[in-house]
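Enquirer: Show me how the following folds:
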Amino acid sequence: MFEVQDIMSSPVHTISTEKSVFQAASYMKKLGFGGLPVIDNEKLVGIITSSDIYFSHPNRLVADSMTKKVIYCSPADIIWDVVTQMTKYNIKRLPVVNKGHLVGLLTKSIVTKYMGNQYDPLTSIHNSIYIYQLANRLITEGHEISVILFDINNFGHINKEYGHVYGDKCIKNIAEIISKHINNDCDFLCRYGGDEFVIVSLRKVNDASKLVQSVVAAVKKESIEMGKPLSISAGVCGGQRKHARKSANKVIENLINKASLASTKAKRIGKEYLLCVDS
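Expert: As a prediction, the model looks like this:
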């Protein structure tokens, strides 16, 4: 799962406590910033904002004008948690502090770019970056998860026979179909890559298989309406793990890999889906 240190900007523009408000204002104007972290003996002691400057005399010291209660985060904090805090408190520039020392900065523009990188541009659903982080978090919190992997049958042939525009349409249609059938409280969908879709779910395997059946049936109906062949295979993997967990990432990779193999086998033997119980 991505941590703040993976996307923060560093080094950081700062100002010291002994500088004047006028100097702080000039520096902020030059940089185009609305605030600056304040440093004393290499440690973060506050932040001076445009609002602080507005209500202070230009000759006053930064130490006397700054906001001393600063919300900050650690480089090891999970990005999702930090983004939630930034949104809650409308924070545009969040200092990153390690053992009292300022080591980076997380800005609204960095966060916006990061969040945008988690979406698939063709289908507008999440991509695999998102699903790995989501699954990692669920497992870390102690949840048991099931993984469903959907794979479009004969997709290479569809592209060759009907063209890539039609192939893209098939991918978008299936993304819409799956989205309509999932429960957003317990099912989390992504386009995993190419013609594959993955759902990380809090459902038990048997309940997850019912979801698969409804999606497969809906795709069949879509195929009839389109008048062209379109079908999917699926693999479902989950279960109560009896042995000690490895790292969360290893668990996720294992579940997705087994679901993928189950989907491939289902396709090979002419079934719509196969279940795989992991232990």
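Enquirer: next structured bit after the helix or strand containing Q85?
Expert: Using DSSP states H and E, Q85 sits within helix 79-88. Scanning forward in sequence from helix 79-88 by DSSP H and E, the next helix or strand is strand 93-98.
Enquirer: by how many degrees do that next one and helix 79-88 diverge?
Expert: Regarding strand 93-98 and helix 79-88, their directions subtend 140 degrees when assessed with axes from the mean of the first three to the mean of the last three Cα atoms, to 10 degrees.
Enquirer: quick one: buried residues of the lowest-mean-pLDDT helix or strand in the chain?
Expert: Least confident helix or strand, the chain: strand 273-277 with a mean of 80, by mean pLDDT, DSSP states H and E. Buried residues in strand 273-277, counted by 16 or more other Cβ atoms under 10 Å: 273-276. Heads up, the C-betas are built off the backbone N, CA and C, glycines and all.
Enquirer: And for it, what's in contact with it?
Expert: Outside strand 273-277, the residues that touch it by Cβ atoms under 8 Å, 6 or more residues apart in numbering are 205, 209, 212-213, 216, 233-239, 258-259, 261-263, 265-266.
Enquirer: Paired strands for it, with orientation please.
Expert: Strand 273-277 sits in its sheet next to strand 232-238 (parallel), going by DSSP bridges.
Enquirer: Skip ahead from the partner strand and say which helix or strand is next.
Expert: Strand 232-238 is succeeded, C-terminally, by helix 248-268 (DSSP H and E).
Enquirer: Report the backbone C-alpha coordinates of that following helix in CSV.
Expert: Output in CSV follows, covering the C-alpha atoms of helix 248-268 (Å, rounded to 0.1, in the frame of the first residue of the first chain):
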residue,chain,number,x,y,z
ALA,A,248,-0.9,-8.6,2.9
ASN,A,249,0.5,-8.1,-0.6
LYS,A,250,1.4,-11.7,-0.9
VAL,A,251,-2.1,-12.7,0.2
ILE,A,252,-3.6,-10.5,-2.5
GLU,A,253,-1.3,-11.7,-5.2
ASN,A,254,-2.0,-15.3,-4.3
LEU,A,255,-5.8,-14.8,-4.4
ILE,A,256,-5.8,-12.9,-7.7
ASN,A,257,-3.4,-15.5,-9.2
LYS,A,258,-5.6,-18.4,-8.1
ALA,A,259,-8.8,-16.6,-9.3
SER,A,260,-7.1,-16.1,-12.7
LEU,A,261,-6.1,-19.7,-13.0
ALA,A,262,-9.7,-20.8,-12.1
SER,A,263,-11.0,-18.5,-14.8
THR,A,264,-8.7,-19.9,-17.3
LYS,A,265,-9.6,-23.5,-16.4
ALA,A,266,-13.3,-22.7,-16.5
LYS,A,267,-12.8,-21.4,-20.0
ARG,A,268,-10.9,-24.5,-21.0
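Enquirer: Residues in contact with that helix: which ones?
Expert: The contact list for helix 248-268 (Cβ under 8 Å, 6+ apart) reads 1, 132, 135-136, 139-140, 145-151, 153, 192, 196, 198, 200, 233-238, 241, 245, 272-276, 278.
Enquirer: Buried ones only from the residues you listed, please, as a ChimeraX command.
Expert: This is the ChimeraX syntax for the buried subset of the contacts of helix 248-268, where burial follows 16+ other Cβ under 10 Å:
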select :1,132,135,136,139,145,146,147,148,149,150,151,153,192,196,198,200,233,234,235,236,237,238,272,273,274,275,276,278
